[in-house]
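Undergrad: this one's sequence-less:
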């Protein structure tokens, strides 16, 4: 089992930056890929970014968000720059074990989830 704790959300203004963190514990050696999803009010949970073995981004965040992973600290980050009001959502980190899948953008591609951290961007 893997446990994920995400943090770093907050209330910011448009154009500001935030860095989200996701700390993994438990059987971290089994993690193949980690990712971030977000869910805006009344919306479905959408893919944001993933890392492992390459990095992947949703078109809506490409060029503004950067995902990274520090294996020594069992931590994944999402650096969010040039935030927009439409980035407002609860952000969830996720992790999956190796399944032989290359797909990375659906919720069902992941086995473990954090509790979510809220990001609010005011205009």
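TA: Arrived safely. Not measured: the values here are computed from a predicted model. Residues are numbered from 1 along each chain as shown.

Undergrad: Quick one: end-to-end length of stretch 26-35, please.
TA: By C-alpha to C-alpha, to the nearest Å, the extent of stretch 26-35 from end to end equals 17 Å.

Undergrad: ok, now how distant is the spatially most central residue of the chain from residue 89?
TA: By C-alpha atoms, centre = their mean, the chain has its centre lying nearest to residue 36, at 1.9 Å. Residue 36 sits 10 Å away from residue 89, going by C-beta to C-beta, to the nearest Å. C-beta coordinates here come from the backbone N, C-alpha and C atoms, glycine included.

Undergrad: one step back: the residue nearest to the centre of the chain falls within a helix, correct?
TA: No. Per DSSP: H, G, I helix; E, B strand; the rest coil, residue 36 lies outside any helix segment and is strand.

Undergrad: and the closest residue in space to it that isn't next to it in sequence, what are its phi and psi?
TA: Spatially, and ignoring its direct neighbours in sequence, residue 36 is nearest to residue 48 (4.2 Å; C-beta to C-beta, 6 or more residues apart in numbering). Main-chain dihedrals, residue 48, degrees, to the nearest 10: phi -120, psi -60.
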